[in-house]
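Student: Need a 3D model of the sequence below.
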Amino acid sequence: MIKKIFLIISCLFLQMLFSQKSDPIYYDKDWEVTTKANASFYRLMPLKQLGELVLLQDFYINGTQQFEGYVLKTNENEYVGDVVWYNVNGNDENFKQYRNDTKNLTLLYYHSNGKIRKKVQYKNGVKDGEAIIYATDGTVLMKGIYAKGKPESGSFERVRHNDDYDYNSNVEEASEDKALVTTEEVMVSPLPPIDIHTTTVEPQTVEMTVPMDEGLSKNKKNRKTVSEKIFWENSKQLAQETVYEIDSSDFKPIARKNYDKSGKLIQSLNETHFQQYGNDIENGTEYQYYLQNNFASNIKSISNLIKGEESGKEIMYFPNGEIALETNYKNGLKEGEEIVFNENKTVKSKRVYKEGEPFNGNFDERVGGVFVNQNYLNGVKEGEAIAVDEENQIVAKGVYKNGKPFNGIFIEDNENRSDNYDLINVENFKKTGLQKVFGYRLENLIRTYTIKDDKLNGMTTFYEDGKVVGTLEYKNDEPYDGTLVESEKTSVFKNGKITEETYFEDSYNKDNIQKQKLYENGILVKVKDFSFIAQG
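Tutor: Numbers count the residues shown, from 1 in each chain. Sure thing, here's the model as predicted:
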């Protein structure tokens, strides 16, 4: 069946490639083909063609880019080369580099004005040869040389190891079930030729441009290095340059410079400012940027580190450059007042942390895939708490008293497992009615159960991968009829008495039964041991 579906999808994609329509294809929020009026996304047409590849470029309905990457003509789920997903603001959200085992040994990527943005050469599936980054006017900003997939010399937009390539078995995970296939017919156009009339920013960074400490030995000054650069968008001005020493197994940062948009140097770090056994800053300022195709549009955050821990003020910014949040750190933990701003520069809220924990004020906290807005007074929850899902829909609302759920519906951490969460119904401090245990998202149910008179009464339902795997009726807090499903065993009850227990190898191997116990009138009468069979 899977092979049949795959064949149908491949045929539809081929039909799409070789037909003659050039209008955009519109998709709804679930990536199903729809009309423009109902669309959340669209795909640019015609697709750019490069030999056996096409360049997919998808956009949010407001025109902001959502995805870019090469795929095989014969299979749109086979990514090739560098692939980027963008968030709703058009900033880089996820970058992956895939192997290129096609005959197209040079891949080209483009600025929005149609000029070449990036040219990358491949050999034997990995980057090998030149990788060049261009400005919007064709100026060469970076030129680096790869050897067998590893940066060898020059400057790069990202410095990565030669084994840091993704395989297409991970496509579903990365794309989150994004359905790109459609029966709409479109045409394919060849990529434009490379414009050879380009200029180059001097000096080309084929050698280390950030000065080292004068106290370093001659050996260290002559060591082999590459640099990683971030430029401010729509300019030839550097935002950040990091120099890495190349050794046999790693890239070690030994220098960094940061610049503002005017070109003013705002920080210069040397080798002593980085962790001895790691790539993070030990002492200095960490600048994070909003990136669009690895070009900085604005600063995302500024934080200070002392002995590897955040210390002093941290500032976070909106994509438009306005301050979003100011907070203070002490010994790596939030301490003191934190101010949250609206995009119009007005204060949204003020709150106080103590030793990294909420202490006083209104806080936004994440509980799994749910966002909870709640109040703290002297370190305990107090007053109304409202929980919304990732689509900003209210899923729980309740009132805390003295740090405990008092009345309403609440999202709480599960006391047994840190990766599970509870949605509970509470009246006058007591659970009542239907309760839920879920994974990261509410729809990832693990168990539902019913509380009456402060006891388990009614049906408990167990789930795995969205499917019901067992039900058990409780009476007065005792199992009565059905199957109790636990991580490594199941227990069957009838009329309040246990009849059977089945033990598995572990929670991931429930097909491998290790042992089975049989009961009559609640008394053990037989044990079947299958462990020697499983081991054999």
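Student: What degree of burial does the residue nearest to Glu326 when sequence neighbours are not counted show, as a neighbour count?
Tutor: Counting by C-beta to C-beta, 6 or more residues apart in numbering, Glu326 lies nearest to Ile339, which is 4.8 Å off, once chain neighbours are set aside. To be clear about C-beta, it is placed using only N, CA and C from the backbone, and glycine gets the same treatment. Residues within reach of Ile339, counting by other C-beta atoms under 10 Å, total 15.
Student: For Ile339, name its beta-bridge partners.
Tutor: Beta-bridge partners for Ile339, by DSSP bridges, are Glu326, Lys350.
Student: thought it was touching Ala324?
Tutor: No: if you go by C-beta atoms under 8 Å, Ile339 and Ala324 don't touch, sitting 9.9 Å apart.
Student: Who are the contact partners of Tyr79?
Tutor: 69-71, 96, 98, 166, 168, 171 (C-beta atoms under 8 Å, 6 or more residues apart in numbering).
Student: how does it look with 6 Å?
Tutor: Under the criterion of C-beta atoms under 6 Å, 6 or more residues apart in numbering, the neighbours of Tyr79 are 69, 71, 98, 168.
Student: go on, Gln65?
Tutor: Per C-beta under 6 Å, 6+ apart, neighbours of Gln65: 59, 86, 90.
Student: and the second one, how far is that from Lys300?
Tutor: Using C-beta to C-beta, to the nearest Å, we find Tyr86 at a distance of 15 Å from Lys300.
Student: Then Thr64?
Tutor: Applying C-beta to C-beta, the value for Thr64 to Lys300 is 17 Å.
Student: Those two: which is more packed in?
Tutor: Using other C-beta under 10 Å as the criterion, Thr64 and Lys300 rank with Lys300 on top: 18 against 14.
Student: From Ile281, how far off is the more buried one?
Tutor: As judged by C-beta to C-beta, Lys300 and Ile281 stand 16 Å apart.
Student: now Asp247
Tutor: Look at Asp247 and Ile281: by C-beta to C-beta, they are 20 Å apart.
Student: the more surrounded of these two?
Tutor: Neighbours per residue, other C-beta under 10 Å: of Asp247 and Ile281, the larger number sits with Ile281, 21 against 10.
Student: now the more buried one, nearest residue through space, not along the chain?
Tutor: In space, and not counting its chain neighbours, Ile281 is closest to Leu305: 5.1 Å by C-beta to C-beta, 6+ apart.
Student: Model confidence for the one you found, exactly?
Tutor: pLDDT, Leu305: 97.
Student: Sticking with it, tell me its helix or strand.
Tutor: Following DSSP states H and E, one finds Leu305 within strand 295-306.
Student: Does that strand pack against any helices or strands, and if so which?
Tutor: strand 284-292, strand 312-317 (3 or more C-beta pairs under 6 Å, 6 or more residues apart in numbering; DSSP states H and E).
Student: which outside residues touch that strand?
Tutor: Contacts to strand 295-306, defined as C-beta under 6 Å, 6+ apart, come from residues 230-233, 239, 281, 283, 285-290, 310-312, 314-317, 321.
Student: element containing the residue positioned nearest the centre of the chain, please.
Tutor: Closest residue to the average C-alpha location of the chain: Asn94 at 6.6 Å, with C-alpha atoms, centre = their mean. If you go by DSSP H and E, Asn94 is part of strand 92-98.
Student: Touching that strand from outside, list them.
Tutor: Strand 92-98 is contacted by residues 79-80, 82-87, 165-166, 291 when judged by C-beta under 6 Å, 6+ apart.
Student: Out of the residues you listed, which end up buried?
Tutor: For the contacts of strand 92-98, a burial check counting by 16 or more other C-beta atoms under 10 Å picks out 79-80, 82-86, 165-166, 291.
Student: Which of those fall within strands?
Tutor: If you go by DSSP state E, the buried ones among the contacts of strand 92-98 have 79-80, 82-86, 291 in strands.
Student: Low-confidence regions, the chain specifically.
Tutor: Along the chain, the parts satisfying pLDDT under 70 run over 1-21, 162, 169-221, 507-510, 532-536.
Student: Tell me where it has helices.
Tutor: Taking DSSP state H to define them, one finds helices in the chain at 2-17, 171-175, 218-221, 531-535.
Student: Phe46 and Val126, how far apart?
Tutor: I think there's a mix-up here, since residue 46 is Pro and not Phe. 30 Å.
Student: do the same with Thr499
Tutor: Separation of Thr499 from Val126 (C-beta to C-beta) stands at 59 Å.
Student: Turn the contacts of strand 92-98 into a markdown table, columns for distance to Ile411.
Tutor: Converted to a markdown table, these look like this (distance: C-beta to C-beta, whole Å):
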| residue | distance to Ile411 |
| --- | --- |
| Tyr79 | 36 |
| Val80 | 42 |
| Asp82 | 38 |
| Val83 | 34 |
| Val84 | 33 |
| Trp85 | 28 |
| Tyr86 | 30 |
| Asn87 | 25 |
| Tyr165 | 39 |
| Asp166 | 34 |
| Leu291 | 33 |
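Student: ok, back up a step: which of the helices and strands packed on strand 295-306 sits most buried?
Tutor: Among those, strand 284-292 has the highest mean neighbour count (mean count of other C-beta atoms under 10 Å), at a mean of 19.
Student: how about the buried ones among the contacts of strand 92-98, which pair is most distant?
Tutor: Between any two of the buried ones among the contacts of strand 92-98, the greatest separation by C-beta to C-beta is 22.1 Å, found for Val80 and Leu291.
Student: how many other residues sit next to Asn77?
Tutor: Here the number of neighbours of Asn77 (other C-beta under 10 Å) works out to 17.
Student: List the contacts of Gln240.
Tutor: With C-beta under 6 Å, 6+ apart, Gln240 has these contacts: 230, 258.
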